[in-house]
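Student: here is a sequence together with a model predicted from it:
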Amino acid sequence: MDEVTASENEPKYIDLHPLKKGKRVLVFLGDFFLTFILSLLLFHVGTYPLGRLIVNYNGQLTSLREAQTRRDKVLYDHELLFVRDGGNKGYEDFEPNLTYTSEQFVHSFLDDAFSSYEVFQNYFVDVAGDNEAYVSFYRRLDEKYGFLEFQGNTVALKAEYKEEFAPAFDPQDTMSAKGQGDYEVFENKIFAQGYARLLDTLYENDLQSEGVSYAKNQKVVQEVLTNGRRLIVTCSLATFLFSWILMHLVIPLFSSKRKTIGMMMMRVERIHKKTFDSLSIPMAYLNAFYSLAAYAFMPLFIPWGSTNFNELFALPILFPLALFALAFLLGSLGFLLFDGYNRTLGDFLCQSYCLSNEDFDILIRERGYKR
């Protein structure tokens, strides 16, 4: 692009080149990672610990452990959850005990000696006394997979699957690849889905043991877990907004020519497309708000380290916000690939583009020459 400069006798031209596409992407990535790293540090050493202190979340966790221990007692007492020999029944033991229960549940279909581990029969037949509900429960679970066969009020594993699964309980034998695959499907689709439905049934019917209510304690568990997710979301959003304001509003306000740290590191200037001047403060801030839209998937990953990675995608608000931000980011980068001035969508909407310090220095010298 050329700027026409005038002298008293003849026009004069200056060659100015927009920042190359690769370097423009690096500027974006530089600002992004600096903001993200700052957010991570502030969240884990400041915002989240302070938030936990304010809401007394450690006290809530104590209530959670006590409620889950009482809730699980109902399961143990009615033989709906089992403990491996030498195992414990504490708050942190639910998952390993559930894994053991799942293993022995499969074993119960292969050997009558393990029939007591058939948790669905233990509830529907022994506790609720409803044989028809027991069979219909299994029919709904198995209608897509065909592992089971039914005869009256009896539910059994088909012979072909008994043969496939048997090596799982024989130290001297090994399951085939097909058997291993079918075993995993049976555990995930029959046991895991069935157990989730069973827990819902226990909650609705408020199963009790020695005066201990499953439903009452489960409500406490759900409330504390919900409060924990809300705290994480609030701290993540607050940290992200603070970091973005600092990096994209405060620092550019006090830096020369409204530069972000990424622009300073990459020696880049942003100028108005028509006036060739540095962006005014209002336009620089408007451009920053477009970066806010592109960075908005960041809060989804800021809590990583304080919660399991898979649980991040279950956090309210953050996942839908991340999808919106990702769509805007991809659209902005796609625009950059096809734009002749190598601008992002934010640059285009603000009528600005980036160029190197060297080209900007040439522009300044020539303008001084003109004056």
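Tutor: On my side now, so go ahead. Just so we're clear, the structure is a prediction, and the values are computed from it rather than from any experiment.

Student: got a pLDDT number for Leu279?
Tutor: Listed pLDDT for Leu279 reads 67.

Student: ok, Leu231 next?
Tutor: Reported pLDDT for Leu231: 95.

Student: do you know the pLDDT at Tyr13?
Tutor: Reading off the model, Tyr13 has pLDDT 58.

Student: and the single longest helix found in the chain, what does it pack against?
Tutor: Scanning the chain for the longest helix, with DSSP state H as the assignment, gives helix 214-245. Counting contacts by 3 or more CB pairs under 8 Å, 6 or more residues apart in numbering; DSSP states H and E, helix 214-245 packs against helix 21-42, helix 48-54, helix 57-77, helix 193-205, helix 281-295, helix 318-338. C-beta coordinates here come from the backbone N, C-alpha and C atoms, glycine included.

Student: what about 10 Å?
Tutor: Judged by 3 or more CB pairs under 10 Å, 6 or more residues apart in numbering; DSSP states H and E, the packing partners of helix 214-245 are helix 21-42, helix 48-54, helix 57-77, helix 193-205, strand 208-209, helix 281-295, helix 309-312, helix 318-338.

Student: just the angle between it and helix 21-42, please?
Tutor: Counting by axes from the mean of the first three to the mean of the last three CA atoms, to 10 degrees, helix 214-245 lies at 130 degrees to helix 21-42.

Student: from here on, call the first residue 541.
Tutor: Done: numbering now begins at 541, and the last item shifts to helix 754-785.

Student: just how off-centre is helix 754-785 within its chain?
Tutor: Centroid displacement of helix 754-785 relative to its chain, using CA atoms, centre = their mean, to the nearest Å, is 14 Å.

Student: what's the angle between that helix and helix 597-617?
Tutor: 150 degrees.

Student: quick one: buried residues of helix 754-785?
Tutor: Of the residues in helix 754-785, 754, 757-758, 760-761, 764, 768-769, 771-773, 775-780, 782-784 count as buried by neighbour count, 16 or more other CB atoms under 10 Å.

Student: for stretch 569-586, same thing?
Tutor: Within stretch 569-586, the residues that qualify as buried are Gly570, Asp571, Phe572, Leu574, Thr575, Phe576, Leu578, Ser579, Leu580, Leu582, Phe583, His584, counting by 16+ other CB under 10 Å.

Student: what do you get for stretch 851-865?
Tutor: Burial within stretch 851-865, assessed by neighbour count using 16+ other CB under 10 Å, is assigned to Leu852, Leu855, Leu858, Leu861, Ala862, Ala865.

Student: please apply the same query to stretch 693-705.
Tutor: Neighbour counts using 16+ other CB under 10 Å place Val695, Leu697, Tyr701, Glu704, Phe705 of stretch 693-705 among the buried residues.

Student: could you do stretch 631-642 as well?
Tutor: By neighbour count with 16+ other CB under 10 Å, stretch 631-642 contains the buried residues Tyr631, Asp633, Phe634, Asn637, Leu638, Tyr640, Thr641, Ser642.

Student: for the helix or strand containing the last one, enumerate the helices and strands it packs against.
Tutor: Read it as Ser642. Secondary structure from DSSP states H and E places Ser642 in helix 634-648. Contact analysis of helix 634-648 by 3+ CB pairs under 10 Å, 6+ apart lists helix 597-617, helix 659-661, helix 699-705, helix 733-745 as its packing neighbours.

Student: run the angle between the longest one and helix 634-648 for me.
Tutor: Here helix 597-617 runs at 20 degrees with respect to helix 634-648, directions being taken by the same axes, to 10 degrees.

Student: perfect, that will be all.
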